[in-house]
Structure formats: structure tokens, C-alpha cells
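Undergrad: here's a sequence, model it:
(chains A and B)
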Amino acid sequence: MPDHFENFNPHHLDPHHFDPAPFDPHNKDLDAVKKQLDRRTFLTKTTLGLGALALGSLLEGPKLFGGPKPAPQEEPAATVFPNFLPRAKRIVYLFQAEGPSQLDLFDYKPMLEKYQGQDLPASVRKGQRLTGMSADQATLPVASSLFNFQQYGKCRAWVSDLMPYTAQVVDELCFIKSMNTDAINHDPATTFFQTGNQIAGRPCIGSWLSYGLGSDNENLPTFIVLVSKNGSGQPLFARLWGNGFLPSKHQGVQFRAGKDPVLFLSNPEGYDGADRREMLDYLKKLNTLQSDSYGDPEINTRISQYEMAYRMQTSVPEVMDLSDEPDWVFDMYGKDSRDPGTYAANCLMARRLLEKDVKFVQLYHQGWDQHSNLPGGIKGQCKATDQATAALIKDLKQRGLLEDTLVVWGGEFGRTVYSQGKLSKDNYGRDHHPKCFTMWMAGAGVKPGFTYGETDDFGYNITKDPVHVHDFHATLLHLFGIDHEQLTYKYQGRRFRLTDVSGNVVKDLLT
Amino acid sequence: MLICLSDISPFLLDLTLFFGHFHPLLVHLPIGFLVLALLLECAGILEKQAAIRAAVPFVLLVGTLSAVLACITGWTLSTTGGYDLQALNLHKWTALTIPFLSLFAWLVSTKKIKSPVLQSRRSLLWTLTGLTGILMVAGHAGATLTHGAGYLSAGTLFDGGKKKHTVSSLKDALVFEDIVQPILDRKCGSCHNGAKQKGGLSLENLNALLKGGKHGPIIVPGRPTASEMIKRVSLDPGDKKFMPSDGKPPLSAEEAALLKWWIGRNMGNTDAKWTELATASDIPAEVKKYVETSFNALSPGSPSSGSLSSGNLSGKGLSDSARMAVPKVPPVSQEKLLKLQQAGFVVRLIDREPILLDVTLPPPVKTKETTSQAPAPDKTGSPARASDLSKPVDPAILNALLAVKENIIWLNLSGNNISDEQMDIVNQCKNIRILKLQKTPLSDKGIARLNALGQMQSINLYNTRVTRNCLAGLSKMKNLATVYVWGTAIKKDAIPASDSPHLSIVGGNDPGL
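TA: Alright, predicted model coming up:
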């Protein structure tokens, strides 16, 4: 028997193993666990040498050939990606949940006034399925927007009076008026936008990016989620920023909407940083032993998340401390920005996180689901978001961050041209519409002051350059230097991609 | 015999072909064994090592057997056709002697031949030397079949005399030789060259191209859509007939458009220069842009030179302007990257071929006096740098950049206490495109030291001590498009337009501006 087995130390397997300096060799509990493990590892490691192949395979199949435990799929960040020179280093995705009405914000349709109140022609609807909410309506009366539209900026982009601040920055924006999706209801549509699949369970965009590109700031999570507080309407679930089948360290970390975005950052009284460090070092030893015997990649995730939490004790207070922001910055984002957890405060927080090279900041703002009372509802939504959104663009621009940060604004689908419920002179509602809606992007590598795609006079069908959700994903990954067909993960025997089996990079959007 | 078998049934044909594909693997066995036999025999000359000669017969025996296997698989592979006959014949006949010669050597080594000449001590040594010589000839001929003629010297010092025609600027470029041919070489050349002619087709030069393959011409002059070549490259990549086959990198949209345009308009005129045609209105915009930007990448000031084939277009996502001017830079070893990380930098690989880097020096961690926590360890496990912003950055840290100076294209030193003099180090990183120096105590003197950064597209100077005076120097940089100056003495309305015709100067949104 080769004598190195007697001194087998599982730690030596892992070259990245972090060896904390003070380690008491006479810790009894630890010794007991080690002893137990040594017998186990002895048996499995020596099966080949003893010729007891069958026993070895019965104990642990993957160790059939006596090698180390099956490595989880390697992180591709160091070896594969980016495939080519990226344009974007970070992204902030301002998700306007529940589907803002493109017809009242950006997609100006003057012809609608002529058809006001008339039934939507069948030649336009072309048998498009409707939701259960308006399918039984006797008529589908066309509702023109109640809001006035004007052209702004050098690019002469149309924006309604609802978004006066966004109107000021249109020369930085790249509008896509021809977005379309497969889903017609909130949850599948949002899940589709975030994961490329309508059924929950796949990794979301941020997880894919974290998996593919790794972290640029080890002291903060790669993927941070900020949800506006007091959101009502359709619920948002943590699986929308979930890692799916990717290792769980790639899931989005949600910061709380409130004064303390991360709880329990400070150590308890009388317990200083060195104690914490020592405790974590012992814990890590135990976890590593466990990981060596079971090979469960989730144990490694647990270890890395403990370390991340420890580093966040220092890094998060620095990011959250707004005392270095001058008043004019708060004024720019609007007075809500002083109220933690609001959309405006989250926009400001997003900028601070992006400054620290957090790769993916995901904002969610709920409440765009105007099935009825659209004029009143959308006004409130715009008031809560418009100024801060525009301020974020301006702020990123003045700091030089806009050139390598991608900003995305949009919901999961659009809204119908016909009124859901009763159409009156000053009130209407709009149902879900997946066949066309408007999104915009800005910053890194996308054309500023540019509008792509066209819809028909009813704003119901796309007439030119459709962009599907898969195409959006492919383009987004392209901006990060990733070929969307190469970013794959093998799970249950199949290689999965964010874009599934579709998706084309929309090169016309790129500078 | 194998050929006869393969005539009998398609299954057998498939089977022989399958084994034929092992030829490139198996050939290395006899090479290794037979050279080993020679080495053992040589070593055995020394009296101390005489015992080692006892291994020679066994090594020669396995060498012979593996040579037989290599010959059989090689023969079947050759039946698939498409090889240059001359090179193939040389390879085939030299290689076929090897099993016989090594069998002979085995017989000599085991003293099975009772000839007094061969009984002498040195006879085996000479036999093996001769055998190795033939092995080298056969091996070289085989490699020529696989990698194309001249593979040994390609890209090396010995290549110098062979370059036919290199142009340094678009002005002198010939449409076929400098623009079309390099694409064909890069994307089709590995299977359709002079020595390896899959489907009987070579794209080595214009004549070969016009001649076509064994199924006829591949080009119908003037009719790109009727040309087999265009059809093949335009098919769905999953199609059996799609070219390039076997998952080799396909032509980019721009490259295909260029070929189409060339077949449609300019076929046959080998002397046509790009400049004569560039003004024509029928050139698709994307083709024009592709050619121009490809050549711009070679313009003076960038480290590379040569024609379009110099490999600095890796063909990926070519429509991105960012892709175009990829500089030719030296490779970087893992240790160099590690050293840079140990110096305190965060290093991100943003392209692999060539290696391009995004390098950031994280600002010192701000720790409050009230918290007693230890500073967070960074990625490399070394403690984060001390929090004292008043101390200047150690020059040794910045000097670490010089090890990879040409590979850095994004550099971020913002928030660090760097000095004007240290800009001399930055100035040596001549391929920098995005330079972030905001929130540093730099002044005009430091910016004036940045004069070699011809590739720079944007420089971030917000919250520094620079004034208007630095703009004059910056506006001389022809690629520089954006300067961020918010929070400096530069006020937007105080900048006369003449100062910066092509510069976009981005100020802040604070009421002071």
C-alpha cells in the first residue's frame, strides 16, 4: 500500500484551498470528523490499487477510476468568455413590471383618433388570442391615447407628456418599438424575459452573466436585485432572479427595500472582526471536509457565500452611506430618492453599485398593469419613475459610466390598442398585448438617439424589424462579448442556453 | 485489398474510412518507437549503458507492428481523395518502406540473419540511422498533406522572402490579392490549398479558383447567386453542404457580401485596385466599411503591418467597430497576470486572441475609525491596501503594468492617489482605449505626459485638477472622442468650439456648471 494514503489530507486536493493561519491541531470534534473521513477516503481512494473496483463503484460511482470527486462543471469565466471584445462591463435593468402601455408613452399613433371608439378591425387583430379578461367583451373599441405627444432631442423621438424627464435624455436612448414576446400573462411573460423560458426553473440573465463572466468586485455580489417598496399588483418571486440549475452562488442577491438594505452587517457587541474571522475559518474547514466527502457543489457555494457575507460587512456600509452625495444629486433623482426603497432611491443605489463594478443591477418596479383607469394609474407610475430614470442616465453619463454600462428599460409585454372595459371620453383601460411593445436601451455599445422597428397604424402589429425576446437576450449577451450560442450549461443530459434554440443578435442596434 | 473490399459494400467503405481517420493518431506510434530504438542503440555504445541494448529488439518489434497499422490506416485515408498527388505519392511510398525496414532492423537486432556484415556491432546503428532518415522524409511529406506546403516556415523568420505582395495602406491594395484572397486563405485554405484539394478544389490562386473542383466551376462570373461558392457559404450552417464544413469558422456576413460583390462586378481583373472601385456606387456600404476598417487597423501608429491576412481580424462579430482595430500584441503568460493581481490590480481578460486586458486598480478601502473590522481580503487573498488616501500610490505597483503594457486596452486608476509623474508609466501602455483617471489629484502636467496613446477613445478626468489647458493636447489625439471633465476647472460654456472640433466634452449636471 502506498504510504501517502496514510497521510491523506483532503485539503491538499484543492490548490485554491484557503488555509487560515491559526489552527488548533487539538480540536477534538474536528479530529473525530477527520478520522471518520479518513477511513472513508481510504476505502474509496484505494479501491483501484486493491483491485476492489466493484466495491469502489458501489460506494461511489463517479469515483470508479479512483480520481478525485467529480468536479462540478467548470466555471467558464476564466477559460471561454468573453468570446470577443465586449462593449458593456455592467448592466442596470430597469424592469417595469406588468407591462407599461407603449401607446401612451412612446409609440405615437395619431391615426387612432380617427378610429376612436370603433371596433378593432378583424384584419388588424388577425385572430390574435386575447386574455380571459377581455375575450368576452362585446366590442373591442379602439382607444387613442389621452396624452399629448411631442418630438424631442436631435433624434426627434416621440415621447408623451407623461415622461417629461425621459424626454430630455432621448438622445442617449435606443428605442426598440418592435419588441414581441410569446406570453400573454404576467408570470410566464416575466419569467420568459428573465430566463428565456416561460416555465420557471431556468437561470435568469443575471445568473448567466455571473456564470459566464465572473465577478469584477469580489467584495460585493455580482448580481444585485432592488425591488421598489410598497409594490402592489402582480407578485414578483425570488425565482425571477434565481440561478436555476447553475451553481447557486450565481443567484441574484436581493437588497431589502428600506433603510437597511442588508441586515445584521455589524458584529454583535463585544464580538470583533477577528472573532468572526476565526469562526468562519473553522466553519470553512468543516465545510471543506464535508465537501470532500460528498462532492456536493452546493457546499462550495455555502463556503463562498459565507466569505462574501464577511466581506460585505465592510463593503456594504460604504456603498450604503449616502452622506457623500451632494444635495443636487438627490434633487436630480427627485425627492423620493431620500426615501430608501423607492424607485428613485433604488436608481441612486444602482448607480453607486455600478460605480463599484457590480456587474448586474436588476431593478423591479411594479404597478404598470392598467387594465382600467389607465390615465390616472399611468400618471402615478410615471411620476414615481420618470425623473429618476432620466437622472440615472445623466448621472452615469457625467461619470463616464454610460460608455461601458448598459441601461435597459422595459416591461414583459405591451398593452392593447383597444380599451378593456368601458371607453369614455377621459377614461379607458388596456389589456395585455404581446405582439408589439416598446423598450429602450442606452449606453455601452448601443446606438444613442436611435429608433428601431415599426408598428402599424393601430400599434397592434409589427410592420418592420421585429425583435423577439430571444433576440434581445442574444444582443444583450453580444454586448458583453458573449456568443449566445456558446454560453451553455449541461444539465440533465442537455446543454441549455439563455436563448434556448433561437435568438439573433440585432446588429442594427449596435454602434 | 482494402480498396476491393470497399467496393463491395458501403458499410465496409464506412468502416475502412472510420479506421482511416485514426491514421493521424497512429502515425506517431512508429515514429516514437523507432526513434526510441535508435536512442537506445546510441546509449548502448557507452559501456556503462550496454545493458540497455537488450530492449532494442522489443522496441523494434512494436515499432514494426505499429508501422504496419499506420500504413493500413493511411492507405484507407488516401482513398478518400482530395490530396495533392505528388505529395501523396512521396508520403505513401516512403512510408510503405518503413515497416519492411524496421522488420529488417528487428531481424538484425535479434541476430536472425546470419550474414557476417550484419553481425558487426555497428550495423544495427547504421540501419536505424537510415530508418530514422526515411521516417523524417515520410513524416514531413505527411505533414505537408495535412498542413499545406511550406507549413514549417510559415510565420517564422524563414518566411521573409516568400511574401508576395504586402501593402500597408488601402491606397495600394489590389482587390483580389489583398482583399479577396486573404479571406479565402483564412476561411477556406485549410482544406482547399495546393497540397490538399478537398473535392478537387484549390483556392490557392485566381487560376485555381476559376478552374473549380471535380464537380465543375464554382464561380459564374457576374452572377454571384448562381455561383456554387456563394451558394455553399450561404446555406444553413447545419446543412450537409455548408462550407466551411465540420464546424470550422464560417464566413462573416461582411466577408460573404464582399465575395458576392467581387464575383458580380470585378471578376478576372487581377490588377484592379481598391481605390479605382471604391468610389463606385454599387459597393454595398457594409463591404466598404469592412474593407476600410480592416485596413485602418493596419494604419501607421498601430503595431501591426502587412496585408489583410496578417490575422488581426479574427472574424468574430466583425460588424462591431470595436472589433476592427484589434491591435497585434504579444501573448501574456499566466505568471504575468498573477503578478499583476498580486500588485493589487483587478485583471479581466476581455479578449483571448490576442490577449487584451481590462485592468483596474481598486481605490483603497474606506474604513471608518469606529468599526474594528479587519480589512477585507481581495481576490488573491492578500489584504486590501491600507485606507490612507493621502499616501501616494507606490510606484512599484504601477510599474507592474509595464509587464503587459501592450495588452492593456482598458485601464482604470480612478480614486487612487496617483501623481502627474506616474502618467509616464501609463503613457507606455500605448494600446489603451478607455482610460479612467477620475477622482485623482492629476493636473494638466500629468495629462501632458500622455502623448503616445494614439488608440485612446475616451479619457475620464472628472474630479481632477485639470484645466482647459489640457484640452489642446488631447484634441490632437485623432481617435479620442470623449473627455469627461465634470468637477474640474473646465466649464462647458468656456470652451470655444475650435478647441475641440471632434471631441465631445462631457460636463456634469450639478448646478455649478
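
Undergrad: A:N287: what secondary structure?
TA: Secondary structure, DSSP: H, G, I helix; E, B strand; the rest coil: A:N287 is helix.

Undergrad: thinking it is in contact with A:Q305, fair?
TA: No - taking contact to mean CB atoms under 8 Å, the distance of 10.6 Å between A:N287 and A:Q305 leaves them out of contact. Just so you know, the C-beta spots here come from the backbone N, C-alpha and C atoms, and that holds for glycine as well.

Undergrad: near chain B, which residues of the stretch 351-500 of chain A show up?
TA: Where the stretch 351-500 of chain A comes near chain B, counting by CB under 8 Å from any CB of the partner chain, the residues are A:357, A:394-395, A:397-400, A:403-404, A:445, A:478, A:481, A:483.

Undergrad: give me the neighbour count for the residue of the stretch 401-511 of chain A found nearest chain B.
TA: In the stretch 401-511 of chain A, no residue comes nearer to chain B than A:K507, which is 5.1 Å away by CB to the nearest CB. Applying other CB atoms under 10 Å in any protein chain shown, we find 14 residues neighbouring A:K507.

Undergrad: pLDDT wise, what is it at?
TA: Among the per-residue scores, A:K507 holds a pLDDT of 94.

Undergrad: next structured bit after the helix or strand hosting B:K339?
TA: Assigned by DSSP states H and E, B:K339 falls within helix B:334-342. Using DSSP H and E, the next helix or strand after helix B:334-342 towards the C-terminus is strand B:346-352.

Undergrad: model confidence over the helix or strand following that next one, on average?
TA: Per DSSP H and E, strand B:346-352 leads on to strand B:355-360 as the next helix or strand towards the C-terminus. Per-residue pLDDT over strand B:355-360 has a mean of 90.

Undergrad: just stretch B:105-114 next, same as before
TA: Mean pLDDT, stretch B:105-114: 85.

Undergrad: ok, stretch A:121-141 next?
TA: Stretch A:121-141 comes out with an average pLDDT of 92.

Undergrad: endpoints of it, how far apart?
TA: 10 Å (CA to CA, to the nearest Å).

Undergrad: isn't A:D500 up against A:H470?
TA: Yes - between A:D500 and A:H470 there is a contact at 6.8 Å, judged by CB under 8 Å.

Undergrad: overlap of the contact sets of these two?
TA: Common neighbours of A:D500 and A:H470 (criterion: CB atoms under 8 Å, 6 or more residues apart in numbering or on different chains): A:G196.

Undergrad: ok, these two, which is more surrounded?
TA: Shown here are A:D500 and A:H470; by other CB under 10 Å, A:H470 has more neighbours (21 against 14).

Undergrad: give me phi/psi at that one?
TA: When quoted as degrees, to the nearest 10, the phi and psi of A:H470 stand at phi -60, psi -40.

Undergrad: one more: B:E292?
TA: For B:E292, the backbone dihedrals (degrees, to the nearest 10) come out as phi -70, psi -50.

Undergrad: per-residue confidence for it?
TA: B:E292 carries a pLDDT score of 76 in this model.
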